[in-house]
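J.: just a sequence and a predicted model for now, questions to come.
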Amino acid sequence: MKSAPAPVAMPVSIRRPTSVTTAMRASAAMLRCLNVPVIEIDPADSLADIPDRMRTFGTALGRAKVAETAIQHFEVEVAALRSTVSKKPRTALYDANDYADGDRTLAGGFIAVAGFANVARELRLSRGGILALEEIVMAAPDLVVHGSPIAGRRGPRLCATTPHWLHPRQAARQ
């Protein structure tokens, strides 16, 4: 017996798309149960993955030449951004559940292109991982970038006892 489709798949199937592109395997399976053609594309884990994903997407849509042009533009823009970086402020990417993105992640790649050095690399977390707040304090980055807490997930533990530079509102006022 097939399980009922999740609420997310139903609104999509009602629109009767010719195809749906997703990186979410559960959504893809549900849409297939509803006879919706699905194109699955794995999410990019790094900036280096993006051209391949663009190529796959363009081919799936029958727009390979447009995708190649977009890839060339993307690569030129990334190279231009990298060439303008001179000073590299040390930055920590700190997210919910004490997770820190490393320099070999998509977020880490964007930070590098923007001209920041990721302290996770210094702490041997090139792919990212759990990083105690105390480790961030000891690393003393110039900037801490953190996301907002997501429902059901604990956000970064930033409180009154942490240095002022860990608090985005206070840091923005300085």
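T.: Received, thanks. Residues are numbered from 1 along each chain as shown.

J.: ok, residue 126 to residue 134 distance?
T.: As judged by C-beta to C-beta, to the nearest Å, residue 126 and residue 134 stand 20 Å apart. In short, each C-beta sits where N, CA and C put it, glycine included.

J.: and for residue 57?
T.: Taking C-beta to C-beta as the measure, residue 57 falls 42 Å from residue 134.

J.: what do you get for residue 58?
T.: For residue 58, the distance to residue 134 - C-beta to C-beta - is 46 Å.

J.: the two: which has the busier surroundings?
T.: residue 58 (18 against 10; other C-beta atoms under 10 Å).

J.: state the helix or strand in which the nearest residue to that one once chain neighbours are set aside lies.
T.: Closest residue in space to residue 58, ignoring its immediate chain neighbours: residue 67 at 2.2 Å, by C-beta to C-beta, 6 or more residues apart in numbering. Residue 67 is part of helix 64-83 when elements are defined by DSSP states H and E.

J.: now the strands for the chain?
T.: Using DSSP state E, the strands of the chain run over 20-22, 38-40, 90-95, 99-100, 117-118, 129-130, 143-146.

J.: return the list of helices and strands in contact with the third one.
T.: Read that as strand 90-95. Here strand 90-95 touches strand 99-100, helix 106-113, strand 117-118, helix 119-122, helix 133-139, strand 143-146, going by 3 or more C-beta pairs under 8 Å, 6 or more residues apart in numbering; DSSP states H and E.

J.: could you tell me the least trusted of those?
T.: Ranked by mean pLDDT, the helices and strands packed on strand 90-95 bottom out at strand 143-146, which scores a mean of 81.

J.: partners of that strand in the sheet?
T.: Note on strand 143-146: by DSSP bridges, its sheet partners are strand 90-95 (parallel).

J.: between the partner strand and helix 106-113, how many degrees?
T.: 160 degrees (axes from the mean of the first three to the mean of the last three C-alpha atoms, to 10 degrees).

J.: what comes up buried for strand 90-95?
T.: By 16 or more other C-beta atoms under 10 Å, the buried positions in strand 90-95 come out as 91, 92, 93, 94, 95.

J.: returning to that earlier point: now do the helix holding residue 67, average pLDDT.
T.: Helix 64-83 carries an average pLDDT of 90.

J.: list the buried residues for it?
T.: 67, 70, 71, 78.

J.: which residues touch the last one?
T.: Translated: residue 78. Neighbouring residues of residue 78 by C-beta atoms under 8 Å, 6 or more residues apart in numbering: 47, 113.
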